[in-house]
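> Turn this into a model:
(one chain, ligands or ions: 1)
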Amino acid sequence: MKITKAVIPAAGLGTRFLPATKAVPKEMLPIVDTPTLQYIIEEAAKSGIEDILIITGRGKRAIEDHFDKSYELETELARAGKHDYIEGLEHISSLANIHYVRQKQALGLGHAILCAKSFVGNAPFAVLLGDDIVHSETPCLKQMIDVYDKYGSSVLGVQEVAREDISKYGIVDAVPVEKNIHRVQGMVEKPNPENAPSNIAVLGRYIITPEIFTLLENTKPGAGGEIQLTDALCALAGMQPVYSSIFDGKRYDVGSKIGFLQATVEYALRREDIGAQFKEYLKTVIGDTKC
Ligand code: UTP
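Here you go, the predicted structure:
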């Protein structure tokens, strides 16, 4: 079955980024000049996704405004002859059909995904976390859809992480199947490195079969009192094959301060318009002992 629907959970509180996220959704914080969420929706659109459901919450209305058409602004820009900017704005509102649902309380990622049940229906769907961006030649989600097309089962986007980072992620217990593909036998959320089944971490991209919804409905709150997607995926792996796919690309956790700064610097350096100038600037700053 073709994957045409994606869910982007973006209802989290963004506590790691307070006070910025008091009034601005963390998914709208810009990497250079583009909100994080726009990079994610561009990745989904380039991967063949047609319909996207964004899980929002209170205080997140800027998200809907950003992906809507902006008649007043476009009229002003046309009057001023700034046609390049108009093209940029039209691009945003034409990326995909975007739908919204509110998660009334931030009860965890699993609970956020459950809010997508009626949107998804009975077909496999993609999930892209609203604070994870991936820079890659082939869009990360497209790489995973290719794996789904081959195996016809749920696929988790993963990468190997350093031992000291294991406790930040959902870690899979998995056996190799072919290059970069493992069959998942279990998963543990944020384990101690000593007890971790591997160093293969789930990094914000998933293709999931619809059986997940019944499992989520029966998942009790786990770590942190939240309904954990990891627990339901673990149960899914006990019922039907679930694979993990090591994707190509550099992933940034822009919900953390350091990840946000890394993404900002590296995306700026890759830009044709400002990259060279920014690089020269960075060289002067690195050597400047007053900074
Ligand atoms: P995170 O755990 O990174 O987001 O969830 P958070 O809870 O906002 O982060 P902090 O720890 O408070 O800083 C990953 C993704 O899942 C969404 C978040 O918006 C983020 O995109 N999420 C998380 C929800 O939509 N609902 C939730 O209840 C929790």
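> Tell me the spacing between the closest residue to residue 114 other than its chain neighbours and residue 228.
Leaving out its chain neighbours, the residue that sits closest to residue 114 by Cβ to Cβ, 6 or more residues apart in numbering is residue 216, at 4.5 Å. Where C-beta positions appear, they are placed from N, C-alpha and C, glycine not excepted. The gap separating residue 216 from residue 228 is 9 Å, by Cβ to Cβ, to the nearest Å.
> What parts of this protein come near the ligand?
For the chain, the residues in contact with the ligand (Cβ under 6 Å from any ligand atom) are 9-16, 55, 103, 106-109, 111-112, 129-131, 255.
> how about the helices of the protein, start to end?
Secondary structure of the chain (DSSP state H): helices at 36-46, 61-67, 71-79, 83-93, 109-114, 117-120, 140-151, 212-217, 229-239, 257-270, 275-286.
> relative orientation of the last one and helix 257-270 in degrees?
The one in question is helix 275-286. If you take axes from the mean of the first three to the mean of the last three Cα atoms, to 10 degrees, helix 275-286 sits at 130 degrees to helix 257-270.
> Show me which parts of helix 275-286 are buried, residue by residue.
residue 278 (16 or more other Cβ atoms under 10 Å).
> Of the residues of the chain next to the ligand, which belong to strands?
Judged by DSSP state E, the residues of the chain next to the ligand include 9, 55 as members of strands.
> Taking this protein, what residue is nearest to the ligand?
residue 12 (2.1 Å; Cβ to the nearest ligand atom).
> Need the buried ones from the residues of the chain next to the ligand selected in ChimeraX.
Burial among the residues of the chain next to the ligand is assessed by 16+ other Cβ under 10 Å; the matching ChimeraX selection reads:
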select :9,10,11,12,14,55,103,106,107,108,109,111,112,129,130,131,255
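> one step back: find residues that contact each of residue 216 and residue 228.
Any residue near both residue 216 and residue 228 by Cβ atoms under 8 Å, 6 or more residues apart in numbering counts here, and that gives residue 110.
> out of those two, which sits in the more crowded spot?
residue 216 (26 against 23; other Cβ atoms under 10 Å).
> Tell me the spacing between that one and residue 116.
In terms of Cβ to Cβ, residue 216 sits 10 Å off from residue 116.
> before we move on, what about residue 262?
30 Å.
> Between the two, tell me which one has more neighbours.
Set residue 262 next to residue 116 and count neighbours by other Cβ under 10 Å: residue 116 wins out with 26 against 16.
> my read: that one touches residue 53, true?
Yes: at 5.2 Å, residue 116 counts as touching residue 53 under the criterion of Cβ atoms under 8 Å.
> Now for those two: what residues contact both?
Common neighbours of residue 116 and residue 53 (Cβ under 8 Å, 6+ apart) are 7, 101.
> Residue 175: neighbour count?
9.
> what bridges to the nearest residue to it once chain neighbours are set aside?
Leaving aside its chain neighbours, residue 175 sits nearest to residue 183 (5.4 Å; criterion: Cβ to Cβ, 6+ apart). Residues in a beta bridge with residue 183, per DSSP bridges, are residue 175, residue 243.
> Residue 183 contacts residue 240, doesn't it?
No: look at residue 183 against residue 240 with Cβ under 8 Å: they stay out of range, at 11.1 Å.
> Have a look at those two and say which one is more surrounded.
residue 183 (16 against 11).
> so who does the more buried one touch?
Per Cβ under 8 Å, 6+ apart, neighbours of residue 183: 174-175, 177, 241-243.
> The same query, at a cut-off of 6 Å, please.
175, 177, 243 (Cβ atoms under 6 Å, 6 or more residues apart in numbering).
> Check the gap between it and residue 145 for me.
The gap separating residue 183 from residue 145 is 18 Å, by Cβ to Cβ.
> just residue 76 next, same as before
With Cβ to Cβ as the criterion, residue 76 and residue 145 are 39 Å apart.
> just residue 251 next, same as before
For residue 251, the distance to residue 145 - Cβ to Cβ - is 17 Å.
> Then residue 132?
Counting by Cβ to Cβ, the gap from residue 132 to residue 145 is 17 Å.
> Could you report the neighbour count for residue 257?
12.
> Same check on residue 20?
Considering only other Cβ under 10 Å, residue 20 is surrounded by 14 other residues.
> check contacts around residue 99.
Residue 99 touches residue 53, counting by Cβ under 6 Å, 6+ apart.
> Name the residues linked to it by a beta bridge.
With DSSP bridges as the rule, residue 99 is bridged to residue 53.
> Use 473 as the first number for this chain going forward.
Done: numbering now begins at 473, and the last item shifts to residue 571.
> Perfect, that will be all.
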